[in-house]
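J.: Sequence first, predicted coordinates after that:
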Amino acid sequence: MSRAINKDDSAGQDKPPWNYQPSIPIEGVPVFVWPPRPVAAIKYLLSKAYLFSVVLPFSLFALITWAYFQPAIARCATFEFSWIAQMYVRNLMLFVLIVGGLHLYFFTFKRQRKQLKFSGHALGRDDQKFFARDQVWDNVFWSCVSGVTLWTAYEVFFMWSYANDLLPFYLDWREHPIWFVLILFAIPFFDSAHFYFIHRLLHWKPLYRVAHAVHHRNVSTGPWSGFSMHPLEHLIYLSNVLIHILFASHPIHIFFHLQWNAIGAGVSHTGYESLTVRGKPMIYLSPFHHQLHHRLYNCNYGNSLVPMDKLFGSDHDGTDEAWRVIRNGRRARVAAV
């Protein structure tokens, strides 16, 4: 049963208190499980948490982008400042509208107060580890200056490649509607597996110090935290879109994929489990699974869509036993030093 956590409800420094904690143990998504659970898998794919919080909204964003805000593919045959700038401004406006809107809703106007908010702590202010000594402005800087730029760069590469027939596969949704829709459903699952491996790579000490530490400044997270990364991490993180070089896709899939990576990162770092309407959860936002990673660093490198952490022994399901394993692992590392 989900519950609010009191400040003194803690097992010490290694198990920090939460303002809100969902049901424990954390349950994975019933898609990649053994034995198979086909009925449960279909129910999840059509659920509020997946169909209505992921596939439909991001499909709508991608469709509107393609229909109304994408320069004609013929213009993209040669690199020109005008159409590239148009794409950057479009992406920046979409990102600020959604991620900035979530920040205003949850943290400026506090419309939901602390209902379903994991951490009881405020976002960082007057903290020298952040640019301008402010967590929000630090996150805005890295997200917009580095993140939106590299997001746009990947889109520019694909649009230029389509315009010059360098990508042999262009999927016409009218001829292959089922395949077209299946790709949209599959992208977040592919991203989940890709994210696990590149995230483990980013925790390799040299890369962590150079790049990933920028993101991990954020212990208590907000919407701007999700896409707040070093440029090298943005380059690696967004590279999963290159999978579309290998099979038939449409530009809508490219937009969906990159918008899911960028805006979805903001959504999943709001620090709130769900957005509520009249006190009832309506749109699923942030997984507690990843909140544990921001607190502990050495667990939950992936997310719950594909159980990579369970497969590779880095899963933390929120139980007391998982906390003991983490605590004992820390002590062992300290003793080894």
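T.: All right, it came through fine. Numbering: from 1, shown residues only.
J.: the bottom helix or strand of the chain by mean pLDDT?
T.: strand 3-4 (a mean of 45; mean pLDDT, DSSP states H and E).
J.: Which elements pack onto the very next helix or strand once past that one?
T.: Following strand 3-4 in sequence order, the next helix or strand is strand 20-21 (DSSP states H and E). When contacts are defined as 3 or more Cβ pairs under 8 Å, 6 or more residues apart in numbering; DSSP states H and E, strand 20-21 packs onto strand 3-4. Just so you know, the C-beta spots here come from the backbone N, C-alpha and C atoms, and that holds for glycine as well.
J.: Distance check, the residue nearest to R37 when sequence neighbours are not counted against H316.
T.: Among residues not flanking R37 along the chain, P30 sits closest, at 4.8 Å (Cβ to Cβ, 6 or more residues apart in numbering). P30 sits 19 Å away from H316, taking Cβ to Cβ, to the nearest Å as the criterion.
J.: out of these two, which sits in the more crowded spot?
T.: Counted by other Cβ atoms under 10 Å, P30 and H316 do not tie: H316 has more neighbours, with 22 against 16.
J.: Now the more buried one: closest residue in space, sequence neighbours ignored.
T.: Closest to H316 by Cβ to Cβ, 6+ apart is C299, at 3.9 Å.
J.: H103 too?
T.: Nearest to H103 is P223, by Cβ to Cβ, 6+ apart, at 4.6 Å.
J.: which ones are touching the one you found?
T.: 99-100, 102-103, 106-107, 266-267, 269-270 (Cβ atoms under 8 Å, 6 or more residues apart in numbering).
J.: Backbone torsions only: list them for it.
T.: The phi/psi pair for P223 (degrees, to the nearest 10) reads phi -50, psi -40.
J.: Just the pLDDT at it, thanks.
T.: Per-residue confidence (pLDDT) for P223: 98.
J.: From F106, how far off is it?
T.: Counting by Cβ to Cβ - P223 and F106 are separated by 7 Å.
J.: shared neighbours of those two, which are they?
T.: With Cβ under 8 Å, 6+ apart, P223 and F106 have common neighbours T270.
J.: Out of the contacts of P223, which sit inside strands?
T.: Counting by DSSP state E, no part of the contacts of P223 is found in strands.
J.: excluding its backbone neighbours, what's nearest L102?
T.: Going by Cβ to Cβ, 6+ apart, L102 has P223 as its nearest residue, at 4.0 Å.
J.: So which residues of the protein form strands?
T.: 3-4, 20-21, 274-277, 280-284.
J.: Touching the third one from outside, list them.
T.: Residues external to strand 274-277 that are found in contact with it (Cβ under 8 Å, 6+ apart): 105, 112, 115-116, 281-285.
J.: In PyMOL, select just the buried ones from those residues.
T.: The buried subset of the contacts of strand 274-277, as determined by 16 or more other Cβ atoms under 10 Å, is captured in PyMOL by this line:
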select buried, resi 105+112+115+116+281+283+284+285
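J.: Out of the contacts of strand 274-277, flag the one nearest to R90.
T.: Set against R90, the nearest of the contacts of strand 274-277 by Cβ to Cβ is Y105 (22.5 Å).
J.: what sits against the closest one?
T.: Contacts of Y105 (Cβ under 8 Å, 6+ apart): 111-112, 275.
J.: and the residue nearest to the spatial centre of the chain, what is it in contact with?
T.: The centre of the chain sits closest to A265, judged by Cα atoms, centre = their mean, with a distance of 2.7 Å. For A265, the contact set (Cβ under 8 Å, 6+ apart) comprises 226-227.
J.: gap between it and S286?
T.: For A265, the distance to S286 - Cβ to Cβ - is 11 Å.
J.: Give me the residue ranges of the stretch 151-300 of the chain where confidence is low.
T.: Residues of the stretch 151-300 of the chain meeting the criterion pLDDT under 70: 168.
J.: can we see that at 80?
T.: Applying pLDDT under 80 to the stretch 151-300 of the chain picks out residues 168-170.
J.: what's the spacing between the residue nearest to V156 when sequence neighbours are not counted and I73?
T.: Of all residues not flanking V156 in the chain, I84 sits nearest, at 5.6 Å (Cβ to Cβ, 6+ apart). Distance, I84 to I73, using Cβ to Cβ: 14 Å.
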